[in-house]
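>>> Have a look at this prediction, sequence included:
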Amino acid sequence: MSTADLILNFASNRNSFTLCELADYVRDRENISNSGLLWHIKKLIKQNHLSRLSRGLYGKYTKNNFMPLLTEELRDLYADVSGAFPLIDVLVYSGNNITSLQHHISANNTLYIEVPKDATEAVFHYLTDKKTKAYHKPTAEFMSDYVDLGEKSIIVKALTTESPVIMIDGVRMPTLEKILVDINADPDFYYLQGDESFYIMQNALSIYSINTPKMLRYASRRGIRETMETILNYND
């Protein structure tokens, strides 16, 4: 068993451990210095096999569950549109959820609202009649020429049936699996497609727990399953 395997085997049975505790275990099986152990620990942390919990304290690496940010602004938007259109499903989220995953960080102060395809135009006009700055299913060209993501605005898009969603305090929001697929499927996310989408997936995989089958099922519904499989395989 290699030194790395010994360390991981030791860590697997504990919530946390110190260097001294690890050294006692490993040195019963091989001769290694504290500096050698620290080198292996740092390497395993970099590989996302271990976590540094605090100064001198280590533990198993565990990925977080992604939770989209629910702001008061999103709550108000969801309540407003749901109240005006009580018979349709409404989903909202913030562009800041996307920014947190990016490799090349760019401002995104946009709010996204998704409703059934046949309701997008009505919701768009409802918002603009209230003097809200909104865009209706913008193309990549329109986004490039006319939309400043650094400014506050709302993008109205179609909600794909059977999208993976999560309810947070009574507000329908996207799961990470949905966001990762939409980034590669929606024309308004053109600036995140290509190389950047590979970095986004890499960041997401390193930080969060992802339900890959769920993501690929949704990708199939969006017609980009092969694209998502390529991105996933690149990050294996």
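Noted; the coordinates are in hand.
>>> Describe which strands the helix or strand of the chain with the lowest mean pLDDT pairs with in its sheet and in which direction.
Least confident helix or strand, the chain: strand 50-54 with a mean of 83, by mean pLDDT, DSSP states H and E. If you go by DSSP bridges, strand 50-54 pairs up with strand 57-60 (antiparallel).
>>> Off-centre distance for the strand or helix carrying Asn184?
Under the criterion of DSSP states H and E, Asn184 resides in helix 176-185. A distance of 8 Å separates the centroid of the chain from that of helix 176-185, by C-alpha atoms, centre = their mean, to the nearest Å.
>>> what packs against that helix?
Judged by 3 or more C-beta pairs under 8 Å, 6 or more residues apart in numbering; DSSP states H and E, helix 176-185 is in contact with helix 96-99, helix 195-207, helix 212-222, helix 225-234. Where you see a C-beta, it was placed from the backbone N, CA and C, and this is true even at glycine.
>>> what is the orientation angle of that helix with helix 212-222?
40 degrees (axes from the mean of the first three to the mean of the last three C-alpha atoms, to 10 degrees).
>>> quick one: helix 176-185 to helix 195-207, angle?
Going by the same axes, to 10 degrees, helix 176-185 makes 170 degrees with helix 195-207.
>>> For the residue most central in space within the chain, which non-adjacent residue is closest in space?
A centroid search over the chain (C-alpha atoms, centre = their mean) returns Leu176, at 4.3 Å, as the residue closest to the centre. Spatial nearest neighbour of Leu176, excluding adjacent residues (C-beta to C-beta, 6 or more residues apart in numbering): Phe66 at 3.8 Å.
>>> Would you mark the buried spots in stretch 216-223?
Neighbour counts over stretch 216-223 (16 or more other C-beta atoms under 10 Å) mark Leu216, Tyr218, Ala219, Arg222 as buried.
>>> One more: stretch 119-132?
In stretch 119-132, counting by 16+ other C-beta under 10 Å, buried: Ala119, Thr120, Val123, Phe124, Tyr126, Leu127.
>>> can you confirm the last one is in a helix?
Pointing back at Leu127 there. Yes. The assignment for Leu127 (DSSP: H, G, I helix; E, B strand; the rest coil) places it in a helix.
>>> Hmm, His136 and it touching each other?
No. Counting by C-beta atoms under 8 Å, Leu127 does not reach His136; the two are 9.3 Å apart.
>>> Can you work out which residues contact both of these two?
By C-beta atoms under 8 Å, 6 or more residues apart in numbering, Leu127 and His136 have these common neighbours: Val156.
>>> what angle sits between the helix holding Asn184 and helix 225-234?
Here helix 176-185 runs at an angle of 110 degrees relative to helix 225-234 (the same axes, to 10 degrees).
>>> now what about helix 176-185, what contacts it?
Contacts for helix 176-185 (C-beta under 8 Å, 6+ apart): 66, 68, 93, 97-98, 101, 163-165, 174, 189, 192-193, 197, 200-201, 204, 208, 210-211, 214-215, 218-219, 222-224, 227-228, 231.
>>> Within the helices and strands, which one has Leu37?
Using DSSP H and E, the element containing Leu37 is helix 34-46.
>>> That helix vs strand 50-54, what angle?
Using the same axes, to 10 degrees: helix 34-46 against strand 50-54 is 110 degrees.
>>> Which strands or helices does helix 34-46 pack on?
By 3+ C-beta pairs under 8 Å, 6+ apart, helix 34-46 packs against helix 3-12, helix 19-27, strand 50-54.
>>> Which residues does that helix contact?
Under C-beta under 8 Å, 6+ apart, the answer for helix 34-46 is 3-4, 7-8, 19, 22-23, 26, 50-52, 58, 61.
>>> now with 6 Å?
Applying C-beta atoms under 6 Å, 6 or more residues apart in numbering, the external contacts of helix 34-46 come out as Thr3, Ala4, Ile7, Ala23, Leu50, Arg52.
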